[in-house]
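K.L.:
Generate a structure from the sequence data that follows.
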Amino acid sequence: NFLFLSVWSKRDSCYVLHPWYNLNGTATGRLSCSNPNLQNVADANNTQALLPEQARKPFKPRRGCVWLSPDYSGEELWIYANNSGDKDMLHELTKGSPHLKTARSVWADEQAADEEKGLKTVYKRAKILLFSIIFGSGVQGIVSYHNLPYSEAERVHRGIHKTYPRIQQFIDEQTVKIRKKGYILTPYKRKIFADPDMGYKSANYSVQGTAGDVMKKVLIKLDTFFRENHPDIFILMTIHDEIVIEVPIHKLSSKLAEQIIALMEDQPELKTVKRLPVGMNLITHNWGEKKEVKDLNKLDHYAKKGIL
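P.N.:
Here you go, the predicted model:
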């Protein structure tokens with residue numbers, strides 16, 4: 001709170017923050033935010049704290065407006081599948097979720113018990129560890145970051161690579177490219193330079209770098225669309241794979257949401273997947289009370305009645 005006091009300004013009976021978005025603030029080219037860093041404003045719905053505090057609650061739309069918040073669904077795995085050509089991963093993504101296959105392959109008995117009880121404990125563990133391995137974690141990394149005994153970490157590492165053998169092949173291929181050229185290339189033809197001795201991070205650089213390209217491209221596409229068609233609609237911020245857009249209530253519609261989703265999904269540079277799934281959320285009262293909107297027609301109802 002003390003940090004925010006020094007950077008906000010008052011306008012139209014509300015306080016407004018103007019953070020910096022840094023185009024080259026990370027090694028991979030993903031956008032970073034500073035002064036203040038809104039990407040660090042935690043969402044209580046996605047934390048494992050026993051008593052989560054909803055730090056996003058003070059942020060809210062201006063009077064007469066709502067926020068649309070489209071976000072990419074499973075973006076990093078879709079990008080990994082595209083960049084690596086991992087057919088097994090792509091197949092599981094098309095079916096629903098590759099984490100289920102990981103859970104059933106590596107922790108078969110525990111996952112079966114979870115499914116009987118309707119729990120997702122093993123599923124969540126599988127999700128975290130799959131990302132860790134794609135992003136270059138070895139056995140010792142699993143021991144250190146996930147507090148597992150070495151023998152269990154070794155079994156998990158071996159099991160996930162057996163489930164998705166293309167992961168290690170892709171890391172090895174990218175490592176060779178970094179050692180030969182000093183960089184890897186994203187599907188958007190941007191070079192990401194890297195230390196030749198840090199090849200284990202190469203898949204991470206490929207995925208995160210491509211995600212950065214996707215976001216920068218789509219921000220330009222949306223800004224152009226709004227300037228040309230809806231000059232009273234504004235992009236407020238981007239948080240990781242999410243964009244927050246301020247929309248006057250009278251402009252809110254299912255058609256507008258469909259147009260936003262179509263612009264975000266279309267990624268022809270991703271030659272294998274070509275499109276990235278996008279979900280839509282609505283924020284009416286404050287950022288901490290984000291509501292997923294699966295039926296976009298409900299946005300028309302909200303614009304007229306004020307309720308979803």
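K.L.:
quick one: T238 is in a strand?
P.N.:
Yes: assessed with DSSP: H, G, I helix; E, B strand; the rest coil, T238 lies in a strand.
K.L.:
Could you measure from A303 over to S254?
P.N.:
For A303, the distance to S254 equals 9 Å [Cβ to Cβ, to the nearest Å]. The C-beta positions use only the backbone N, C-alpha and C, and glycine is treated the same way.
K.L.:
same check, this time on I79
P.N.:
For I79, the distance to S254 - Cβ to Cβ - is 28 Å.
K.L.:
And those two? Which one has more around it.
P.N.:
I79 (26 against 17; other Cβ atoms under 10 Å).
K.L.:
Remind me what the host helix or strand of the more buried one packs against, helices and strands.
P.N.:
Taking DSSP states H and E as the criterion, I79 maps to helix 75-84. Judged by 3 or more Cβ pairs under 8 Å, 6 or more residues apart in numbering; DSSP states H and E, the packing partners of helix 75-84 are helix 87-95, helix 121-134, helix 166-181, helix 202-229.
K.L.:
what residues are up against G25?
P.N.:
Residues near G25 by Cβ atoms under 8 Å, 6 or more residues apart in numbering: 31-34.
K.L.:
CA atoms only for the helix or strand hosting V244, dumped as CSV, please.
P.N.:
Per DSSP H and E: V244 is located in strand 242-248. Once non-C-alpha atoms are left out, strand 242-248 reads as follows in CSV (Å, rounded to 0.1, in the frame of the first residue of the first chain):
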residue,chain,number,x,y,z
GLU,A,242,-4.4,-12.1,-19.3
ILE,A,243,-5.4,-8.7,-20.8
VAL,A,244,-7.7,-6.3,-18.9
ILE,A,245,-9.9,-4.1,-21.1
GLU,A,246,-12.1,-1.2,-19.9
VAL,A,247,-15.5,-1.2,-21.7
PRO,A,248,-18.4,1.3,-21.2
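K.L.:
orientation of that strand relative to helix 202-229 in degrees?
P.N.:
Angle of strand 242-248 versus helix 202-229, following axes from the mean of the first three to the mean of the last three Cα atoms, to 10 degrees, is 10 degrees.
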